[in-house]
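Peer 1: predicted model, plus sequence, below.
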Amino acid sequence: MTITKKTVADKIAEYLHHKITLAELVDWSEHALMDGELAERDAQTLSSVIARLGVADVRAFGLAWEDCEELLNKLGFSPRVEVVAS
């Protein structure tokens, strides 16, 4: 499976929507870098974003909202926040 900008953006969105944990996101990114086939024309951007996700479980790096926003912007996406009653 070829990993595209949308693939990575979707994974970040899954994390932000609490569909996957940080550990699952990190695990996915580590496997994506080792085994994944990156879309050739976006390989440099994809590898830098995925590498950043791969260290998100290290205290010195973490993964704040601002980090997700910046990574999504690098991929050509922008997040939106929607507040609803629970």
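Peer 2: That came in fine, so what should we check first? Note that the coordinates shown come from a computational prediction; the quantities given were computed from them, not determined experimentally.
Peer 1: touching, Ala56 and Ala64? I think so.
Peer 2: No: the criterion here is C-beta atoms under 8 Å, and Ala56 misses it with Ala64 at 9.6 Å. Where you see a C-beta, it was placed from the backbone N, CA and C, and this is true even at glycine.
Peer 1: run through the helices of the chain in chain order.
Peer 2: Taking DSSP state H, the helices of the chain run over residues 5-16, 22-35, 43-54, 65-74.
Peer 1: got CSV for those helices, with mean pLDDT too?
Peer 2: Listed next are those as CSV, based on pLDDT from 0 to 100:
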stretch, mean pLDDT
helix 5-16, 97
helix 22-35, 95
helix 43-54, 97
helix 65-74, 97
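Peer 1: center of this structure, which residue is that?
Peer 2: Per C-alpha atoms, centre = their mean, the C-alpha nearest to the average position across the chain is that of Ile12, at 3.9 Å.
Peer 1: how near is the nearest residue to that residue once chain neighbours are set aside to Arg41?
Peer 2: In this structure, Ile12 finds its nearest non-sequential neighbour in Cys68, 5.5 Å apart by C-beta to C-beta, 6 or more residues apart in numbering. Separation of Cys68 from Arg41 (C-beta to C-beta, to the nearest Å): 23 Å.
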